[in-house]
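> Quick check, what structure comes out for this input:
(chains A, B, C and D)
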Protein chains: 2
Amino acid sequence: MTLACAQCPVRDSAACAVLTEEERADLARAGRTVTLKKGETLFSAGDEDHACATLVTGALKVTSYDREGEERILALIHPAGFVGELFQPFAQHDVVALTDSQLCVFARSAMEEALDNHPALTTALLRRSQKDLHAARELLELTGKQDAATRLAGLIMAMARAASDSPCHPAQKFDLPLSRGEMAQMLGLTIETVSRRMSKFEKDGLVAKKGARGIELVDPARLTALVGVGL
Amino acid sequence: MTLACAQCPVRDSAACAVLTEEERADLARAGRTVTLKKGETLFSAGDEDHACATLVTGALKVTSYDREGEERILALIHPAGFVGELFQPFAQHDVVALTDSQLCVFARSAMEEALDNHPALTTALLRRSQKDLHAARELLELTGKQDAATRLAGLIMAMARAASDSPCHPAQKFDLPLSRGEMAQMLGLTIETVSRRMSKFEKDGLVAKKGARGIELVDPARLTALVGVGL
DNA sequence: CGTACCTTTGACTCATATCAACGTTAGTGG
DNA sequence: CCACTAACGTTGATATGAGTCAAAGGTACG
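Next up, the predicted model:
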């Protein structure tokens, strides 16, 4: 199936936005749209010659497993994000859909060719890569905090920002894209600790739980104050 | 001072290695060599219009400070590594020399111009950026481990690999580039815990301390086994 | 020789992991 | 539509490992 770039919701924000109409059409012919259901895997660690992809709708997680089989979430990917280790012969990490998702998938060879032909695309990916690097380092900062409340508050605020349409204001009421277990894996905590701290946040009037995954930030200021780090 | 690329120890491994002699000479004219003493700062968070640089010799750390003034080490930079947030108007993190270091520093505008003129350089930086991303995620994996011994063992092995000339074998005897406090900051632990675990490693015959900063891996296999994660 | 910094070690406390039981939600098939 | 089941979430009791506070070696440097 050919990609319908004209209707693409991330046509202005994804890496391919730097291309002209024509160039974009070229690239589109090399790719295909893929739909993933929640929980389905896009790449697995060890995959040879794996592809790469731009996320159009939904959300992905990048994970690794240690020897004991413990999963660790290394990054969340939001729409317009790019996944795929371009210069690595084998995939190092798993990429799994957190919610039903739509992607533009490209064979690595096709993407490498496109990078050779369109320097602007390379620059766009470099920009995105630096952003990912920054995000990884922010997560590093977060997981370095000594107490669980600080870490969880930081994660909630980060998810609120990601769930918001506007980049400056965090969403005030949204659905958590992660289960308790997944939040625990991101923060280096246990499910129980996450659950307890979450209950305490509610008891203290910082947030309100709305159904299964819904959450409302009742007092974002105090939540942010807890984090103790920029934004 | 003009850069002496001909004698540069990282001439084949740094990003500029993809340039031709001539192009490299061009770029060299735009940059300058800088020498930092241990503890000196290259960039500070908040710097406007900060530069970027390739590390030639020595070692750097990338750090951030939270509101309480707690330092957090986000990355180590080894020779041939590149630092500088290209697309960010302000620097987000501090970059400090861990040991006496030599660098090639470029004004951001000059680097951006070079990227425009030399697509291969952009690709090289993208490759390096992906590597940095991978390193950040490995550190994330490490700091996610529940127990201090696992984290410390992983860090020691990582430093052994970095200290080795050969990329496959870890060095067996080397100087730790980090103080106890700095290791603690990287791993999200306290100085005391790092010191205690280190003493226990020695008592258990895993490592031997050699003078102030020196360390010898007596039983790398058991140390690696502790880590429980790939290599 | 003395000072300042880094490291080690000890005693104690406390937050979080662990183990375990119980509720809740969602998805399935009758 | 309901009952059943499995995954997810909450809550409690307990133990342990890491943080904290404190003091005493080491080491480097002037």
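
> Get me the contact residues on chain A for DNA strand D.
Within reach of DNA strand D by Cβ under 7 Å from any atom of the strand, chain A has these residues: A:146, A:179-181, A:191-192, A:194-196, A:198-199, A:209, A:212-213. Yep, even glycine has a C-beta here, placed from its N, CA and C like the rest.

> what's the lowest-pLDDT member of those residues?
Among the residues of chain A next to DNA strand D, A:Ala212 has the lowest pLDDT, at 80.

> circling back: closest to A:Ala171 among the residues of chain A next to DNA strand D?
A:Arg213 (13.3 Å; Cβ to Cβ).

> isn't the closest one right next to A:Phe174, touching?
No: contact criterion Cβ atoms under 8 Å: A:Arg213 and A:Phe174 do not qualify, at 9.1 Å.

> Between the two, which has more neighbouring residues?
A:Phe174 (19 against 12; other Cβ atoms under 10 Å in any protein chain shown).

> before we move on, what SS does the more buried one have?
What DSSP: H, G, I helix; E, B strand; the rest coil gives for A:Phe174 is strand.

> what's the distance between it and DNA strand D?
15 Å (Cβ to the nearest atom of the strand, to the nearest Å).

> I'd say that residue and A:Ile215 touch.
Yes: contact criterion Cβ under 8 Å: A:Phe174 and A:Ile215 qualify, at 6.6 Å.

> Now do the domain split for chain A, please.
With domains defined by automatic domain parsing, chain A comprises A:5-138, A:145-227.

> So which of those is nearest B:His169?
domain A:5-138 (20.5 Å).

> quick one: terminal-to-terminal distance for the closest one?
Chord length of domain A:5-138, first to last residue, is 32 Å (Cα to Cα, to the nearest Å).

> does any bit of that domain sit next to DNA strand C?
No: interface with DNA strand C: domain A:5-138 contributes nothing (Cβ under 7 Å from any atom of the strand), its closest point being 8.5 Å away.

> any idea of the mean pLDDT in that domain?
93.

> can you give me the helices in chain A?
Assigned by DSSP state H, chain A shows helices spanning A:21-30, A:108-117, A:119-144, A:148-163, A:180-187, A:191-203, A:220-227.

> out of those helices, nearest to B:Val10?
helix A:119-144 (20.2 Å).

> That closest one packs against which elements?
strand A:71-77, strand A:82-83, helix A:108-117, helix A:148-163, helix A:180-187, strand B:60-65, strand B:71-77, helix B:119-144 (3 or more Cβ pairs under 8 Å, 6 or more residues apart in numbering or on different chains; DSSP states H and E).

> Next one: the most centrally placed residue in chain A from DNA strand D, what distance?
Centroid check for chain A by Cα atoms, centre = their mean gives A:Ile77 as the closest residue, at 1.8 Å. Using Cβ to the nearest atom of the strand, A:Ile77 is found at 19 Å from DNA strand D.

> about what we covered before: distance to B:Ala91 added to the helices and strands packed on helix A:119-144, as JSON lines?
JSON lines is the format used below for those (distance: least, Cβ to Cβ, whole Å):
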{"stretch": "strand A:71-77", "distance to B:Ala91": "22"}
{"stretch": "strand A:82-83", "distance to B:Ala91": "24"}
{"stretch": "helix A:108-117", "distance to B:Ala91": "28"}
{"stretch": "helix A:148-163", "distance to B:Ala91": "21"}
{"stretch": "helix A:180-187", "distance to B:Ala91": "26"}
{"stretch": "strand B:60-65", "distance to B:Ala91": "10"}
{"stretch": "strand B:71-77", "distance to B:Ala91": "13"}
{"stretch": "helix B:119-144", "distance to B:Ala91": "16"}
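
> now for those, which one comes closest to A:Leu19?
helix A:108-117 (8.7 Å).

> How about that closest one, which residues are buried there?
A:108, A:110-111, A:114-115 (16 or more other Cβ atoms under 10 Å in any protein chain shown).

> and of those residues, the nearest to chain B?
A:Leu115 (6.7 Å; Cβ to the nearest Cβ).

> Which residue is the nearest non-sequential neighbour of the closest one?
Nearest residue to A:Leu115 in three dimensions, chain neighbours excluded: A:Thr122, at 4.8 Å (Cβ to Cβ, 6 or more residues apart in numbering or on different chains).

> ok, now which ones touch the one you found?
When the contact criterion is Cβ atoms under 8 Å, 6 or more residues apart in numbering or on different chains, the partners of A:Thr122 are A:115, B:119, B:122-123, B:126.

> Also A:Lys61?
Residues in contact with A:Lys61, defined by Cβ under 8 Å, 6+ apart, are A:73, A:75-77, A:95-96, A:98, A:182.
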